[in-house]
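Peer 1: Can you look at this prediction? I've put the sequence above it.
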2 protein chains.
Amino acid sequence: MKLLIIEDDKYLSDSICETTKEMFEAEQAFDGEEGLFLAEQNIFDVIILDIMLPSMNGYEVLSNLRKQNITTPVIMLTAKDGIDDKIQGFKVGADDYLVKPFHREELLLRLEAMVRRLGNLLKENVITFKDLKLNIKNKTAELDGELLKLNGKQFDLLEYLINNKNAILTKEQIFDRIWGFESDTSMTVVEVYASNLRKNLKKHGYDQFIKTYRGLGYMLADSGD
Amino acid sequence: MKLLIIEDDKYLSDSICETTKEMFEAEQAFDGEEGLFLAEQNIFDVIILDIMLPSMNGYEVLSNLRKQNITTPVIMLTAKDGIDDKIQGFKVGADDYLVKPFHREELLLRLEAMVRRLGNLLKENVITFKDLKLNIKNKTAELDGELLKLNGKQFDLLEYLINNKNAILTKEQIFDRIWGFESDTSMTVVEVYASNLRKNLKKHGYDQFIKTYRGLGYMLADSGD
DNA sequence: TTTTTTAAGGTTGGTTTAAGGTTGACCCTC
DNA sequence: GAGGGTCAACCTTAAACCAACCTTAAAAAA
């Protein structure tokens, strides 16, 4: 799962990275504009957002996101514990709140709660699509009692598709999610991986559910016609 | 949706393009005359108009447009924040105002507000014509529970017609909107696409609503006689 | 070794062109 | 004003073209 940390204190940001690295793969932004830009890609599972930030404050970032209908859960950080901040934070759509300084475990608890609330239970390591079961923890996939042999990025792609089934994902989104923004790999790898994934699902006829929308992207569809 | 940016500062213009590229497809004009010419095509959803411009200033461009009964919403930009400018801007028909320098998110907010005011909610991904439903996000069209197979530009054409129903659109407008100004394709493609679209709608009898007005253009009419 | 990336050629299907057919406005003649 | 001719605008079809995508395999990296 991917976490975005928007926090200008580099030391704190790194420390959050460290704390959460068992659960999340983290990206960092060090000012509001950069954070908003990254968050707009809509490829994160959770965002940790500081309030006091250079170039654009946390409230602005958040309300901007929500206006764009981006509903990624957000945990806001602030040095102040005033009730006003909380009110304003929740009003613009924050899902949780954390007062600095906080304990490592407290952050972890809230992150877990956040993700659990989403339905993506952290303890629940299995996601499914029809009879296909993915075990997130072991990175194994199973269909009809048979173990599919999916390598790392193939698994990631399938997981991303399942978590967004019946919605078109552009090649850019897939690339940003799996390869990362600053990767200098060519975007055509996405096609290669789509092809390989289909090949691996073909034996069970599940390749039909991965559809290509020419000029738009890919979609995992419930109905395969 | 299409946005026209009339701004002589190339750097700023490009930056607006970048900022809005998730929402809009932008065209750029770098002086007043060019801007007026493009705006007269009447194919844009919003116009961003600078006041200080070579060859013709923003006020002239705007009042010229309004005299021609072109009501595309306009957001004016200016380096000055004098109240006089605002008054003059609104008097000639600007819909909103932005003082340079401005923040990326301020522009986005105003654009959103503008479009929302239009009734074209950004969040609203579905537009309809009678029993025909277009999902803008998936680029899919549905009629009587059946999915229509429309390729990219056919979909764009239908979308444009629905957004302008009961109004005649000239072939030039359609061409400029869908193929773009500088396309070197021949204008007769419009006829081909009108034909193909009618063929695809014929099964449901909806071809009758696309009417040809010889020498004028096409119109999607509520009443099919 | 296994996984990831690049490169290259093949395939598909949307887009454009071209060519011939149809329609309707306009004019002329009776 | 009825009939007919003419022409430009428009319709329709189908083939040619081209960019997006697929697939494979070899090279590079881990």
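Peer 2: Perfect, I can see it now.
Peer 1: and the next element down the chain from the lowest-mean-pLDDT helix or strand in chain A?
Peer 2: Sorting the helices and strands of chain A by mean pLDDT, DSSP states H and E puts helix A:83-91 at the bottom, at a mean of 55. Beyond helix A:83-91 on the C-terminal side, the first helix or strand identified by DSSP states H and E is strand A:96-99.
Peer 1: distance of the nearest residue to A:Thr170 once chain neighbours are set aside from A:Asn200?
Peer 2: Spatial nearest neighbour of A:Thr170, chain neighbours left out: A:Gly217 (3.9 Å); criterion: CB to CB, 6 or more residues apart in numbering or on different chains. Using the backbone N, CA and C atoms, a C-beta is placed for each residue, glycine as well. Per CB to CB, to the nearest Å, A:Gly217 is found 20 Å from A:Asn200.
Peer 1: returning to that earlier point: doesn't A:Arg177 make contact with the residue nearest to A:Thr170?
Peer 2: No. Using CB atoms under 8 Å, A:Gly217 makes no contact with A:Arg177, being 12.0 Å away.
Peer 1: Does stretch A:19-26 reach DNA strand C?
Peer 2: No. Stretch A:19-26 stays clear of DNA strand C (CB under 7 Å from any atom of the strand), getting no nearer than 13.1 Å.
Peer 1: what's the span of that stretch from first residue to last?
Peer 2: Counting by CA to CA, to the nearest Å, you get 10 Å between the two ends of stretch A:19-26.
Peer 1: again with stretch A:59-77
Peer 2: 11 Å.
Peer 1: Can you point out the buried residues in it?
Peer 2: A:59-65, A:67-68, A:70, A:72-77 (16 or more other CB atoms under 10 Å in any protein chain shown).
Peer 1: show me the contacts for A:Arg198.
Peer 2: Counting by CB atoms under 8 Å, 6 or more residues apart in numbering or on different chains, A:Arg198 touches A:Asp207, A:Ile210.
Peer 1: Make sure it is indeed in a strand.
Peer 2: No. Applying DSSP: H, G, I helix; E, B strand; the rest coil, one finds A:Arg198 to be helix, outside a strand.
Peer 1: which parts of chain A sit against chain B?
Peer 2: Contact residues, chain A versus chain B (CB under 8 Å from any CB of the partner chain): A:33, A:36, A:40, A:56, A:60, A:64, A:67-69, A:167-168, A:213-216, A:219.
Peer 1: and the least confident of these?
Peer 2: Among these, A:Asn69 carries the lowest pLDDT, at 68.
Peer 1: just checking, which of the residues of chain A next to chain B belong to helices?
Peer 2: A:Glu33, A:Leu36, A:Glu40, A:Glu60, A:Asn64, A:Lys67 (DSSP state H).
Peer 1: what's the closest of these to A:Leu161?
Peer 2: A:Glu40 (20.9 Å; CB to CB).
Peer 1: Chain neighbours aside, what residue packs nearest to A:Leu148?
Peer 2: Closest residue to A:Leu148 apart from its sequence neighbours, by CB to CB, 6+ apart: A:Ala141 at 4.2 Å.
Peer 1: What confidence value was assigned to that neighbour?
Peer 2: pLDDT recorded at A:Ala141 is 90.
Peer 1: Up against DNA strand C, what does chain A have?
Peer 2: When proximity is defined by CB under 7 Å from any atom of the strand, chain A lies next to DNA strand C at A:151-154, A:179, A:183-186, A:188-189, A:192-193, A:214-215.
Peer 1: what do you get if the cut-off is 6 Å, keeping everything else the same?
Peer 2: Contact residues, chain A versus DNA strand C (CB under 6 Å from any atom of the strand): A:Asn151, A:Gly152, A:Lys153, A:Trp179, A:Thr185, A:Ser186, A:Thr188, A:Val189, A:Val192, A:Arg214.
Peer 1: Return the two entries of those residues that lie farthest from one another.
Peer 2: Comparing every pair within these by CB to CB identifies A:Gly152 and A:Arg214 as the most remote, at 27.7 Å.
Peer 1: picking up where we left off before, for beta bridges, what are the partners of the residue nearest to A:Leu148?
Peer 2: Counting by DSSP bridges, A:Ala141 is bridged to A:Leu134, A:Leu148.
Peer 1: Domain ranges for chain A, per the record?
Peer 2: Taking automatic domain parsing as the reference, chain A has its domains at A:2-118, A:126-220.
Peer 1: Tell me which of those domains is the most buried.
Peer 2: domain A:2-118 (a mean of 18; mean count of other CB atoms under 10 Å in any protein chain shown).
Peer 1: Span of stretch A:38-57 from start to end?
Peer 2: Using CA to CA, the two ends of stretch A:38-57 sit 15 Å apart.
Peer 1: ok, now stretch A:43-54?
Peer 2: 23 Å.
Peer 1: Report the rounded mean pLDDT for it.
Peer 2: Average pLDDT, stretch A:43-54: 90.
Peer 1: for chain A, what spans make up the strands?
Peer 2: For chain A, the strands defined by DSSP state E cover A:2-6, A:25-29, A:46-50, A:74-78, A:96-99, A:126-129, A:132-135, A:140-143, A:146-148, A:210-213, A:217-220.
Peer 1: By mean pLDDT, show me the worst of those.
Peer 2: Note on the strands of chain A: strand A:96-99 shows the lowest mean pLDDT, a mean of 72.
Peer 1: Mind listing the strands that strand pairs with, and their directions?
Peer 2: Sheet partners by DSSP bridges: for strand A:96-99, these are strand A:74-78 (parallel).
Peer 1: The partner strand to strand A:46-50, inter-axis angle?
Peer 2: Using axes from the mean of the first three to the mean of the last three CA atoms, to 10 degrees, the inter-axis angle of strand A:74-78 relative to strand A:46-50 is 20 degrees.
Peer 1: how far is strand A:74-78 from where the chain is centred?
Peer 2: Put simply, strand A:74-78 sits 17 Å off its chain's centre (CA atoms, centre = their mean, to the nearest Å).
Peer 1: what does stretch A:5-16 give?
Peer 2: Computed by CA atoms, centre = their mean, the separation of stretch A:5-16 from the middle of its chain amounts to 18 Å.
Peer 1: Correct me if wrong: A:Ile75 contacts A:Asp45.
Peer 2: No. If you go by CB under 8 Å, A:Ile75 and A:Asp45 don't touch, sitting 11.7 Å apart.
Peer 1: so how far is A:Lys211 from A:Ser223?
Peer 2: Relative to A:Lys211, and taking CB to CB, A:Ser223 is found at 10 Å.
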